[in-house]
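> after the sequence you'll find the predicted model.
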Amino acid sequence: MTEFSHRVEQVSISGIREVFEAAGEDAINLGLGQPDFPTPEHAREGAIEAIREGKADGYTSNKGTESLREAIAGRYAEDRGIDVDPNDVIATAGGSEALHIALEAHVDEGQEVIFPDPGFVSYEALTHLAGGEPRPVGLRDDLTMDPAAVEEAITDDTAAFIVNSPANPTGAVQSPEDMREFARIADEHDVLCISDEVYEHIVFEGEHRSPLEFAETDNVVVVSACSKTYSMTGWRLGWVTGSNRRIERMLRVHQYGQACATAAAQYAAEAALTGPQEPVDEMVAAFEERRDVLLDGLADIGLDCPTPHGAFYAMPEVPEGFVDEVIDRGVVVVPGDAFGEHGEGYARISYAVDVETLREALDIMGEAYDAVQ
Ligand code: PLP
């Protein structure tokens, strides 16, 4: 009988889905990892036009169309003054594939990958699939990742560490000083820093900076996507950027695993990136308003929650039994330990729902809290 690879046997299907199913169809879903806004009309039109003109029928260049890679580089230049060469970009099937090819190209069998705990569920799974050893590190009290903790976790076997700001599941935003430190650590220890910036534009306070801006070596690669910024999770369009030699290695994985990102999605992404950015500003303003409603509501209930400065998640500390009680009462939140063992005792609340629904959910969470106290 054909056995399964040990790599795949170390990974299981995420338990988050089960939570949704347990809650039933009428539940208020605060478990979602995607914005509740439509994809901007001009992005949809970009794809429709490309399909009509027959431009989306064939393969594109493996890295993606030149015009999309120029659009990606253009946003880095315009929004953040970062110089990215369009030749050093690979368009991928979402940020997910970008993370996958970054790890595949850089991690050898048995090498260690450091990442935040609680952290995005793919980091551990993709590390296993690349044959590496996960090395989760706990977070500071404000749920940011401490560069000193990362530095301490580095050994001779470390291949890479992953930074995620703004972060899923915490909403935490790393300071520019931290990002400078992560770059220094990548430089000095000669390990790769994979900076997952898929929430880069969803920041309420402070400033999103990238270790890429501070690094003196080419030891930083950046992963991002249209998924969250333009509410385009279904389009599956992300990218990775880094030095030419790193892009060339990642392209080897992408070329044989994916060939190219879906052509129609590339045209939609190009239109999103080059078109009006107001939909992004409006979405971020709506998320900020909801964040404030949620934080006030959690404080009224008596739940402690570090202020999330970005993304659309909050992660309060919750009493034992709270998550089950909330789900039983018809509100889906995700137990913190779904994101790593240090997530135990927390819950991830996504506020990708309108304010009215959020208030309704807060009432139910208040009742659940009283019931388990
Ligand atoms: N990185 C983080 C931190 C995420 O939260 C997600 C999606 O939830 C991704 C990457 C993957 O995004 P995509 O949908 O573009 O593959």
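Received, thanks.

> show me what contacts the residue of the stretch 51-200 of the chain found nearest the ligand?
Relative to the ligand, the nearest point of the stretch 51-200 of the chain is Gly94 (2.7 Å; Cβ to the nearest ligand atom). Bear in mind the C-beta positions are built from the backbone N, C-alpha and C, glycine included. By Cβ atoms under 8 Å, 6 or more residues apart in numbering, the residues touching Gly94 are Ala225, Ser227, Thr233, Arg236, Leu237, Gly238.

> just to check, the last one is in contact with Val222?
So that's Gly238. No: when contacts are counted by Cβ atoms under 8 Å, Gly238 is not listed as touching Val222 (10.7 Å).

> is stretch 219-233 anywhere near the ligand?
Yes: figure legend: stretch 219-233 in contact with the ligand (Cβ under 6 Å from any ligand atom); contacting residues Ala225, Ser227, Thr233.

> got the contact list for the spatially closest residue to Glu288 that is not a sequence neighbour?
If the residues on either side of it in the chain are set aside, Glu288 comes closest to Phe204, at 4.6 Å by Cβ to Cβ, 6 or more residues apart in numbering. Counting by Cβ under 8 Å, 6+ apart, Phe204 makes contact with Val284, Phe287, Glu288, Arg291, His309, Gly310.

> the ligand: which of those residues is nearest?
Gly310 (11.0 Å).

> wait, the closest one sits on Asn168?
No: at 10.0 Å, Gly310 does not count as touching Asn168 under the criterion of Cβ under 8 Å.

> in the stretch 201-350 of the chain, which spans are strands?
220-225, 238-241, 313-314, 331-332, 334-335, 347-350 (DSSP state E, counting those that start in this stretch).

> may I have the phi/psi pair for Asn164?
Main-chain dihedrals, Asn164, degrees, to the nearest 10: phi -130, psi 110.

> surely it meets Ile194?
No: between Asn164 and Ile194 there is no contact under Cβ under 8 Å: 9.1 Å.

> can you tell me the SS state at Val113?
Assigned with DSSP: H, G, I helix; E, B strand; the rest coil, Val113 falls in the strand class.

> just list the residues touching it, thanks.
103, 107, 123, 127, 130, 132-135, 158-162.

> change it to 6 Å
Thr127, Gly132, Ala160 (Cβ atoms under 6 Å, 6 or more residues apart in numbering).

> same question, Val280
Shown in contact with Val280 (Cβ under 6 Å, 6+ apart): His201, Thr229.

> how much space separates it from the ligand?
Distance check for Val280 against the ligand: by Cβ to the nearest ligand atom, to the nearest Å, it reads 15 Å.

> distance of the residue nearest to Glu288 from Cys226?
Counting by Cβ to Cβ, to the nearest Å, the gap from Phe204 to Cys226 is 20 Å.
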